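In: Sharing a model prediction with you, sequence too.
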Amino acid sequence: MSTRASTLTGRIMSAPSIIVLFLWMAVPLGMTIYFSFLRYNLLSPGMEEWIGTLNYEFFLTDPAFFASLTNTLLLVGSVLVITVVGGILLGLMLDQPIFGRGILRLLVIAPFFIMPTVNALVWKNLLMDPVSGMFAWLASLLGLPAIDWFTNIPLTSIIIMVSWQWLPFAVLILLTALQSLDRDQKEAAQMDGAGPVSIFFYITLPHLSRAITVVVLIETIFLLTVFAEIFVTTGGGPGLATTNIAFLVYTQALLQYDVGGASAGGIVAVILANIVAIFLIRLIGKNLDN
Amino acid sequence: MGAIRLEKVKKTFGTLDVIPGVDLEINDGEFVVFVGPSGCGKSTLLRLIAGLEDVTDGKILIDGTDVANEAPAKRGLSMVFQSYALYPHMTVYNNIAFGLKMAGESKEVINEKVQSAAKILNLTDYLERRPGALSGGQRQRVAIGRAIVRNPAAFLFDEPLSNLDAALRVNMRLEITGLHQELKTTMIYVTHDQVEAMTMADKIVVLQAGRVEQVGKPMDLYSKPANKFVAGFIGSPKMNFLGGELAAKHTCHEIGVRPEHLAVSTESGEIAATVKIAEHLGAETYLHVVADEYGPMTVRATGEVPLGEHDKIFLTPEPDRIHRFDAQGLAVAAS
């Protein structure tokens, strides 16, 4: 892109896709914003009218909103901690020349290829079922009472399932980063008298900072919108125990047919996601520089 | 103190004998250079001494104590890596201080030692920078600084200059030699560049295929190579090896003559040859010639020589500079 003509050509050539992408984003967003200011319920068609910010008032003052906001943050935070810490530990293990490393790596990556609904069904019916699940069987072997996962610790169960789903992603990114660590650096640290623990904290962890940032940012985007796992297992319950923002918007729109209220909820979710994003970029985005 | 002694040091990788058994004596304060072609095991030998590889068999004695099974840090050695291996996320100060910090030194002691090392190496203005913001020569100095502060029994250098450009390499060579004169600490230096070996070493160890071919002072290796390999490896351009009639005349299998020990004449001489390429460097001229009976040879003539392609010349070896080798390539003493 050295001459003015080639710059101009480049802009003209890329314009169609940029315009389509922009419309793709702007039209649904605009419509959602518009709907969020209407009384718009599918049970009373043809009665749409402008009601200003009333939908927002209802959504934000709904006790379910704060419950689901807390759930969302708990879910995102816990899964991030579990996947990053677990990812580093598994990555370190898979980086060693251990027996059966190839197969082990494949097995660790496998959960990522399973779609969330299937993942949820497997956990719900095969593992966590209090009667016929494997965990119940294991507990009975030890003479312990079976845990009714989705009744007694529903959010924890969801966190376990989602972590299992996202751990491979973290391992994949962190393992690649570990493999790019210069062996000379570790040896130099060894010569400097650093033990394995010091090498991990002074050499390996700083080296991983950028990869950890990538994992946190990308996972956050997806974890804010976890839906299938909740829908398939708990349906947001018991009560509101596992309802996150995404699920709350769903109940608003498709269980109560309140399109206006759901749109307001959607916009609130967008704003929340942006707040989280700004917070994260401020906090750890500097790791991506250079 | 830093006297190092290797006794029958052996290293095998699987079934591959990298080092079949090396005995070597390094005196305290000596500058020893391991030199050899790539893959000769010189870096492996250095890593064995450093403790970054386990010896398969044999002893490594530092000041009389066998350290063959000690951890690298316990051996009291410092190493400068080819890639420098600086810690990229730490400042120059912290890079140099890291070893001291690991040794549990107090902040004041660390600061004092880092500052004095930085002063020796002209790094005082760069202490707050990260390695990424330094030039190649400065990174090299940081790596050396990191080695100095630990006050080691010996320094180990693993091809430290091979990532630098030619001009800087000459500078750093002088700096390292100067450093050795100042610190008087034992240094072991690995290189494949025989010019570095010749200019820096007190003692050169020539290695090939994991075996020590010859150990000696630079000029001893140059004037009395023990075998054909050392003769060909030390000295640039390479020694010419001639068989046939000339060798028979000197009652041996082959003779070796260095390019600088051949007299050039356009009228008469022992070897008739034709010039292929003449490289005029000003102070000297390299003539790549093809001798009628012996094939390609290199001649190094001092000053400007008015010769070019297709010129017929005659070469005469200086009689007392002829090296004689037997059929096994071992040097034969003058008869």
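Out: Here it is on my side, so go on.

In: okay, CA-based contacts and neighbour counts for the rest of this
Out: Fine.

In: Grab the nearest non-local neighbour of residue B:70.
Out: residue B:51 (7.3 Å; C-alpha to C-alpha, 6 or more residues apart in numbering or on different chains).

In: Phi and psi next, for residue B:272.
Out: phi -90, psi 140 (degrees, to the nearest 10).

In: Can you report how many residues lie near it?
Out: For residue B:272, the neighbour count with other C-alpha atoms under 10 Å in any protein chain shown is 20.

In: Pull the number of nearby residues for the residue lying closest to it once chain neighbours are set aside.
Out: In space, and not counting its chain neighbours, residue B:272 is closest to residue B:314: 4.6 Å by C-alpha to C-alpha, 6+ apart. When neighbours are defined as other C-alpha under 10 Å, residue B:314 has 18 of them.

In: cool, and residue A:272?
Out: Neighbour tally, residue A:272, other C-alpha under 10 Å: 15.

In: Residue B:282 too?
Out: For residue B:282, using other C-alpha under 10 Å, the count is 10.

In: ok, now residue B:116?
Out: Residues contacting residue B:116 under the criterion other C-alpha under 10 Å number 17.

In: contacting residues around whichever strand or helix holds it?
Out: Assigned by DSSP states H and E, residue B:116 belongs to helix B:107-120. Contact with helix B:107-120 is made by B:93, B:96, B:97, B:100, B:101, B:124, B:127, B:145, B:148, B:149, as judged by C-alpha atoms under 8 Å, 6 or more residues apart in numbering or on different chains.

In: Distance from the chain centre to that helix, please.
Out: Averaging C-alpha positions (C-alpha atoms, centre = their mean, to the nearest Å) puts helix B:107-120 31 Å from its chain's average.

In: in it, what's buried?
Out: B:110, B:111, B:113, B:114, B:115, B:116, B:117, B:118 (16 or more other C-alpha atoms under 10 Å in any protein chain shown).

In: immediately after that helix, which helix or strand?
Out: helix B:136-148.

In: now for that next one, which elements pack on it?
Out: Here helix B:136-148 is seen to pack against strand B:77-80, helix B:92-102, helix B:107-120 when contacts are counted using 3 or more C-alpha pairs under 8 Å, 6 or more residues apart in numbering or on different chains; DSSP states H and E.

In: just checking, what packs against the first one?
Out: I take that to be strand B:77-80. Strand B:77-80 packs on helix A:183-191, helix B:42-50, helix B:136-148, strand B:154-158, going by 3+ C-alpha pairs under 8 Å, 6+ apart.

In: Now the very next helix or strand once past the first one: buried residues?
Out: The first helix or strand that comes after helix A:183-191 along the chain, using DSSP H and E, is helix A:196-199. For helix A:196-199, a neighbour-count test (16+ other C-alpha under 10 Å) marks residue A:199 as buried.

In: Show me how far the helix or strand just after helix A:196-199 is from its chain's centre.
Out: Later in the chain than helix A:196-199, the nearest helix or strand by DSSP H and E is helix A:205-223. How far helix A:205-223 lies from its chain's middle: 12 Å, per C-alpha atoms, centre = their mean.

In: Which residues belonging to helix A:205-223 are considered buried?
Out: For helix A:205-223, by 16+ other C-alpha under 10 Å, it's A:205-217, A:219-220, A:223.

In: so what does it touch, helix or strand wise?
Out: helix A:63-95, helix A:154-179, helix A:259-284.

In: So which bits of the longest helix along chain B are buried?
Out: Among the segments of chain B that qualify as a helix by DSSP state H, the longest is helix B:166-183. Buried residues in helix B:166-183, counted by 16+ other C-alpha under 10 Å: B:169, B:172, B:173, B:177, B:179, B:180.

In: between that helix and helix B:107-120, how many degrees?
Out: On the basis of axes from the mean of the first three to the mean of the last three C-alpha atoms, to 10 degrees, helix B:166-183 is oriented at 130 degrees to helix B:107-120.

In: quick check: mean pLDDT across helix B:166-183?
Out: Mean per-residue pLDDT for helix B:166-183: 88.

In: before we move on, what about stretch A:225-236?
Out: Averaging pLDDT along stretch A:225-236 gives 85.

In: what residues does that stretch touch?
Out: A:116-117, A:119-121, A:124, A:150, A:154, A:158, A:161-162, A:242-247.

In: With stretch A:173-180 instead?
Out: A:87, A:88, A:91, A:92, A:94, A:95, A:204, A:207, A:208, A:211, A:212, A:215.

In: Send over it as PDB, restricted to the C-alpha atoms.
Out: What follows is stretch A:173-180, C-alpha atoms only, in PDB (Å, rounded to 0.1, in the frame of the first residue of the first chain):
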ATOM      1  CA  ILE A 173      -2.800 -22.000  24.500                       C
ATOM      2  CA  LEU A 174      -0.600 -22.300  27.600                       C
ATOM      3  CA  LEU A 175       1.200 -25.500  26.400                       C
ATOM      4  CA  THR A 176       2.100 -23.700  23.200                       C
ATOM      5  CA  ALA A 177       3.500 -20.800  25.200                       C
ATOM      6  CA  LEU A 178       5.500 -23.200  27.400                       C
ATOM      7  CA  GLN A 179       7.000 -24.900  24.400                       C
ATOM      8  CA  SER A 180       8.200 -21.600  23.100                       C
END
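
In: how distant is that stretch from the center of its chain?
Out: Worked out by C-alpha atoms, centre = their mean, stretch A:173-180 lies 21 Å from the chain centre.

In: on contacts alone, who are the packing partners of the lowest-mean-pLDDT helix or strand in chain B?
Out: Lowest mean confidence among the helices and strands of chain B (mean pLDDT, DSSP states H and E): helix B:244-249, at a mean of 83. Contacts defined by 3+ C-alpha pairs under 8 Å, 6+ apart place helix B:244-249 against strand B:254-257.

In: Which residues in the strand it packs on does the neighbour count mark as buried?
Out: B:254, B:255, B:256, B:257.

In: Alongside chain B, which residues does chain A contribute?
Out: When proximity is defined by C-alpha under 8 Å from any C-alpha of the partner chain, chain A lies next to chain B at A:182, A:184-185, A:187-194, A:203, A:206-207.

In: Let me have the residues you listed in TSV, adding pLDDT as columns.
Out: Formatted as TSV, the residues of chain A next to chain B follow (pLDDT from 0 to 100):
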residue	pLDDT
A:182	84
A:184	87
A:185	89
A:187	88
A:188	89
A:189	89
A:190	87
A:191	86
A:192	85
A:193	84
A:194	83
A:203	89
A:206	89
A:207	89
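
In: Narrow those to those that are buried.
Out: With burial judged by 16+ other C-alpha under 10 Å, the buried subset of the residues of chain A next to chain B is A:184-185, A:187-194, A:203, A:206-207.

In: and the gap between the residue nearest in space to the middle of chain A and residue A:123?
Out: Against the mean C-alpha coordinate of chain A, by C-alpha atoms, centre = their mean, the closest residue is residue A:223 at 1.6 Å. As judged by C-alpha to C-alpha, to the nearest Å, residue A:223 and residue A:123 stand 18 Å apart.

In: quick one: low-confidence parts of the stretch 51-200 of chain A?
Out: Across the stretch 51-200 of chain A, nothing is flagged by pLDDT under 70.
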